[in-house]
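In: quick one, fold the following:
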Amino acid sequence: MPKCLVPVGGKPVLGIWLDLCQELGLREVLINTHHLADQVEAWAASQADNPVRIRLVYERELLGSAGTIVANWNFVEGEEDFFIFYADNLVHMDFNGMLGFHQSHTGLLTVALFHSSHPWNCGIALLDEHNRITGFEEKPACPKSDLANGGIYIARRGIHQFLPTPGYADFAIDVFPRLIGEMRGFVIDGRILDVGTPENYDQALREWPAINREAARKE
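Out: Numbers count the residues shown, from 1 in each chain. I've put the predicted structure just below:
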């Protein structure tokens with residue numbers, strides 16, 4: 001089973017993301033597939049009645065987080081702003097607050113950041129007093145902060161000029177260094193759970209119901 005389809009609370013992770021996209025008023029999403037793509041295709045076919053339209057793109061060789069954006073730029077061409085989600089995470093945060101923050105500045109990218117207890121295992125950002133990202137290191141041996149990349153971005157169309165040439169490319173390695181000073185960090189008050197390993201998935205199964213209940217009480 002691909003990571004994006006593992007069930008949490010009786011719903012595949014992609015289904016949880018699709019619900020979130022609907023709440024945000026998004027009209028269409030693009031999902032790249034690779035491993036066990038036929039299962040994702042079958043799931044997408046079952047969502048034909050969902051108001052959020054799904055476009056699938058199959059990558060024979062993975063293009064990386066930035067390479068997928070480059071290869072599918074036509075999907076967002078003409079849009080002033082667009083979300084980028086890493087859909088093997090479960091996230092509880094104020095997405096509308098992040099969008100409002102993004103609209104308050106002119107930077108090309110807003111990056112969701114969270115305080116990590118294991119910063120040496122994450123991409124780590126440095127912020128100035130204006131929430132401008134002044135530095136970024138991927139899995140540093142000696143982290144200078146605990147603010148980790150949450151894999152949730154809001155981009156402006158102007159980011160296109162900073163994207164690499166077609167092929168494999170990773171945001172943290174190939175794009176962020178070009179955008180130092182052009183990115184803003186939004187520090188979330190919430191939780192991010194990665195379901196990418198059996199241990200993390202087990203943690204998600206144990207903790208996600210409690211996180212949902214806590215979020216419902218706050219609402």
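
In: packing partners for the longest strand along the chain?
Out: In the chain, with assignment by DSSP state E, the single longest strand is strand 147-156. Counting contacts by 3 or more CB pairs under 8 Å, 6 or more residues apart in numbering; DSSP states H and E, strand 147-156 packs against strand 81-85, strand 89-92, helix 95-103, strand 109-115, strand 123-127. The way it works is simple: take the backbone N, C-alpha and C, and place the C-beta from them, glycine included.

In: now do the strands in this protein.
Out: All strands of the chain, identified by DSSP E, fall at 7-8, 11-12, 28-33, 53-58, 81-85, 89-92, 109-115, 123-127, 133-138, 147-156, 183-187, 191-194.

In: which residues touch the residue nearest the centre of the chain?
Out: Nearest residue to the geometric centre of the chain (CA atoms, centre = their mean): residue 85, 2.6 Å. Counting by CB atoms under 8 Å, 6 or more residues apart in numbering, residue 85 touches 17, 151-152.

In: now do 6 Å
Out: Shown in contact with residue 85 (CB atoms under 6 Å, 6 or more residues apart in numbering): residue 152.

In: mind checking how far it is from residue 153?
Out: Applying CB to CB, to the nearest Å, the value for residue 85 to residue 153 is 8 Å.

In: find the nearest non-adjacent residue to residue 47, please.
Out: Counting by CB to CB, 6 or more residues apart in numbering, residue 54 is the residue found nearest to residue 47 once chain neighbours are left out, at 6.0 Å.

In: who does that neighbour form a beta bridge with?
Out: Residue 54 has these beta-bridge partners by DSSP bridges: residue 29.

In: ok, it - how many residues close by?
Out: Counted with other CB atoms under 10 Å, residues neighbouring residue 54 total 19.

In: next: the one 4 residues further on.
Out: Other residues near residue 58 number 11, with proximity taken as other CB under 10 Å.

In: pLDDT value on the residue nearest to the centre of the chain, please?
Out: On pLDDT, residue 85 comes in at 97.

In: and residue 213, by the same measure?
Out: Looking at residue 213, its pLDDT is 63.

In: which non-adjacent residue is nearest residue 107?
Out: Leaving aside its sequence neighbours, residue 107 sits nearest to residue 184 (CB to CB, 6+ apart; 4.5 Å).

In: list the contacts for the one you found?
Out: Contacts of residue 184 (CB under 6 Å, 6+ apart): 105, 107, 110, 131-132.

In: quick one: the nearest residue to residue 22 once chain neighbours are set aside from residue 35, how far?
Out: Residue nearest to residue 22 in three dimensions, not counting chain neighbours: residue 52, with 5.2 Å by CB to CB, 6+ apart. From residue 52 across to residue 35, the span is 23 Å (CB to CB).

In: Throw the helices and strands packed on strand 147-156 into TSV and include distance to residue 195, thanks.
Out: Formatted as TSV, the helices and strands packed on strand 147-156 follow (distance: least, CB to CB, whole Å):
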stretch	distance to residue 195
strand 81-85	13
strand 89-92	6
helix 95-103	19
strand 109-115	16
strand 123-127	18
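
In: coming back round to it: give the burial count for the residue nearest to residue 22, as a bare number.
Out: Other residues near residue 52 come to 18 when the count uses other CB under 10 Å.
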